[in-house]
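*Asks:* sharing a sequence plus its predicted fold:
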Amino acid sequence: MLRTITNWFLTGLVIAGPIGITLYVAWWVVGLVDSWVKPLIPPQFNPDNFLPVIVPGFGLFVGIVAVTILGSLAANLVGKSLVQFGERLLARLPIVSTLYRGLKQIFETVITQDSKSFKQVGLIQYPRPGLWAIVLISTPAKGEIAAEVEGEDVMGCFLPTTPNPTSGFLLFVPKKEIKILQMGTEDAAKLIISAGLVSPAYHGKTAALAAEHDAQMAKEMAESENAAE
């Protein structure tokens, strides 16, 4: 009976744990955005001031609407002129200008990039031959880096750390030294966060067997057609 109850508890923990942590993180993000945005809302428009209960997520909603309106305004000629004027002002500030340009380039690359950035996962030998590490493949090396390693097809790779994949190292690795994996970035993130405990399913052998079976069936059909003729 004790073993049965323990199994029930562990099964419930497996079900409730991920749900609880996901809801907690979502609630924390909503509360964080509300704490930033709600103080900027005029008191007469803040529902917390005239409703008997606090409305969670109202700040997040206002933030999304404000960013959307900002994007629509920046799309016309007047908005572009104002943005350019603001960028010229920031360019005169020594430290702020460097930070702004770097962040802007990162956001533009992540949002508008149409290539396969961070859509491929690979293995490289790191930190020494014989040890393998998972990397997220970004883009081929450009600019000065590509010029300095002329003759080599070099890829920019992000090597995330465990269990926090948001930190890591930027490496430029010859393409011939990268083993491209079939798993996606989400599966790679699960593998990294869990320190190898959660391993994604591998369908490579199944796909190879299916392709072999299809080829065999096509061969047999071709032979039967030739025999009929």
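*Replies:* It's in.
*Asks:* go through the strand ranked longest in the chain and flag the buried ones.
*Replies:* For the chain, the strand with the greatest residue count under DSSP state E is strand 132-140. Neighbour-count burial for strand 132-140 flags 133-138 (criterion: 16 or more other CB atoms under 10 Å). No exception for glycine: its C-beta is placed from N, CA and C like everyone else's.
*Asks:* list the neighbouring strands of that strand plus their orientation.
*Replies:* strand 120-125 (antiparallel), strand 154-160 (antiparallel) (DSSP bridges).
*Asks:* contacts for that strand, please.
*Replies:* 113, 115-127, 146, 153-160, 171, 173, 175, 178, 180-181, 185, 188, 191-192 (CB atoms under 8 Å, 6 or more residues apart in numbering).
*Asks:* I'd like the mean pLDDT over it, please.
*Replies:* Here strand 132-140 scores 89 as its mean pLDDT.
*Asks:* show me what the helix or strand hosting Thr22 is packed up against.
*Replies:* Using DSSP states H and E, Thr22 maps to helix 2-37. Counting contacts by 3 or more CB pairs under 8 Å, 6 or more residues apart in numbering; DSSP states H and E, helix 2-37 is packed against helix 58-74.
*Asks:* and the contacts of the helix it packs on?
*Replies:* By CB under 8 Å, 6+ apart, helix 58-74 touches 30, 33-38, 41, 46-48, 79-80, 82-83.
*Asks:* relative to helix 2-37, how tilted is that helix?
*Replies:* In terms of direction (axes from the mean of the first three to the mean of the last three CA atoms, to 10 degrees), helix 58-74 departs from helix 2-37 by 50 degrees.
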